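Participant: Take a look and give me a structure for this.
(one chain, ligands or ions: 1)
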Amino acid sequence: MFDTIIIGTGPAGISAALTLKQLNKNFLWIGSKNLSYKINSAEKIRNYPGLSNISGNEMKNIFLKQINDMGIEILDGQVTGVYDLSTHLAVLCNNEQYEAKTIILAMGVEAIKPISGEVELLGQGVSYCATCDGFLYKNKDITVVSSSKGFEHEAKYLASLANKVNYIGLYKDINMDLDNVNIIKGMPQKIEKEDKKMKLTFKDQVIESDGIFMLKEAISPSVLVPGLETKDGHILVDREMKTNINGVFAAGDSTGRPYQYAKAVGEGNVAAHSVVNYLNNLK
Ligand SMILES: Cc1cc2nc3c(=O)[nH]c(=O)nc-3n(C[C@H](O)[C@H](O)[C@H](O)COP(=O)(O)OP(=O)(O)OC[C@H]3O[C@@H](n4cnc5c(N)ncnc54)[C@H](O)[C@@H]3O)c2cc1C
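Facilitator: The predicted structure is shown next:
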């Protein structure tokens, strides 16, 4: 069992991982090996101490070098559930279950709010995870709503299984040129289920399929972690970054504004120290 599992590879997760490594803790770090798209996308960063006027991409490379130099590994994956087993905690990722004494939630903030029916029909025709649920839709018709280009490889994987894919990319430069992929433009408004068919409604049309994949960087923390207390989409924490669930800590944009690198890094550091105190008290 791990001492802790860190979820998210943005500045908050990076800071927590560096601190825990320095403190010799046995942790698993789950997220994207390419770190956070938010680090990458900043044109110029002017308010981060010590790094003057650098681009997000330069900052990403500095972070990556530091992570590699410290010998820290990232498990590339999307966590689909965190469960309180009362004696410890379990995390589901890439169809595997990982167990830990503590968890640090550093998943950033959900940029795209759930549409009507999305959360209600999760697991009943709506999925957040291509690799976990793709096989359920072999030779079937599916709809994929993707928040960024980074998910195209997952959508292509789904297209390799499915009969037909309706693809809604909520970003520019869509590159999904496959025979069985039908690109649809527009903003989805609601999801409904009728006679085992999933309906995705737009302003001017309704698309029917067997399943709907909502691929996005971050999902609602309260959906990911049942029982977690949130307010306006942010995780409620105290000054030690403790949540209402024993052993679960949170840091970064996920805990609220301001959405800033320095705040995320500071909170990741506090969360890591609080994890160590918590582990010491378990002994
Ligand atoms: C264009 C742009 C410019 C910006 N410029 C600045 C600036 O100049 N100065 C400044 O201070 N701030 C700036 N910011 C804000 C800054 O990027 C964020 O505040 C910061 O990245 C937050 O860090 P975080 O670690 O909390 O979350 P994020 O950076 O969002 O990282 C969260 C990570 O968790 C991953 N994740 C989410 N859910 C899961 C899951 N279920 N399983 C596994 N991984 C998951 C995400 O994919 C992501 O990699 C900018 C943001 C943008 C978008």
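
Participant: Identify the residues contacting residue 72.
Facilitator: 17-18, 21, 29 (CB atoms under 8 Å, 6 or more residues apart in numbering). Every residue, glycine included, has its C-beta placed from N, CA and C.

Participant: the helices in the stretch 151-283 of the chain, which residues?
Facilitator: Under the criterion DSSP state H, counting those that start in this stretch, helices of the stretch 151-283 of the chain are mapped to 152-161, 221-224, 261-282.

Participant: what's the closest of those helices to residue 62?
Facilitator: Closest to residue 62 of these is helix 261-282 (CB to CB; 11.7 Å).

Participant: Mind listing what's buried along that closest one?
Facilitator: 261, 263-276, 278-279 (16 or more other CB atoms under 10 Å).

Participant: quick one on the thing from earlier: okay, the helices of the stretch 151-283 of the chain in JSON lines with distance to residue 78 next?
Facilitator: Below are these laid out as JSON lines (distance: least, CB to CB, whole Å):
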{"stretch": "helix 152-161", "distance to residue 78": "9"}
{"stretch": "helix 221-224", "distance to residue 78": "10"}
{"stretch": "helix 261-282", "distance to residue 78": "19"}
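
Participant: Quick check on the contacts of residue 72: which are buried?
Facilitator: 17-18, 21, 29.

Participant: Among those, which one lies nearest to the ligand?
Facilitator: residue 29 (9.7 Å; CB to the nearest ligand atom).

Participant: tell me the angle of the helix or strand hosting the closest one relative to helix 261-282?
Facilitator: Using DSSP states H and E, residue 29 falls within strand 27-31. Orientation check (axes from the mean of the first three to the mean of the last three CA atoms, to 10 degrees): strand 27-31 against helix 261-282 gives 150 degrees.

Participant: who's in contact with strand 27-31?
Facilitator: Contacts of strand 27-31 (CB under 8 Å, 6+ apart): 2-10, 13, 17, 20-21, 72-77, 79, 91, 93, 98, 100.

Participant: 6 Å instead, please
Facilitator: 2-9, 17, 20, 74-75, 77, 79, 93, 98 (CB atoms under 6 Å, 6 or more residues apart in numbering).

Participant: And those residues, which of them are buried?
Facilitator: For the contacts of strand 27-31, buried by 16+ other CB under 10 Å: 2-9, 17, 20, 74-75, 77, 79, 93, 98.

Participant: and the ligand, which of those residues contact it?
Facilitator: The subset of the buried ones among the contacts of strand 27-31 within reach of the ligand, by CB under 6 Å from any ligand atom, is 7-9, 79.

Participant: still on that earlier bit, in strands, which of the contacts of residue 72 fall?
Facilitator: residue 29 (DSSP state E).

Participant: just the contacts of residue 72 now: which is nearest residue 130?
Facilitator: Checking the contacts of residue 72 one by one against residue 130 (CB to CB), the nearest turns out to be residue 29, at 21.3 Å.

Participant: No further questions, thank you.
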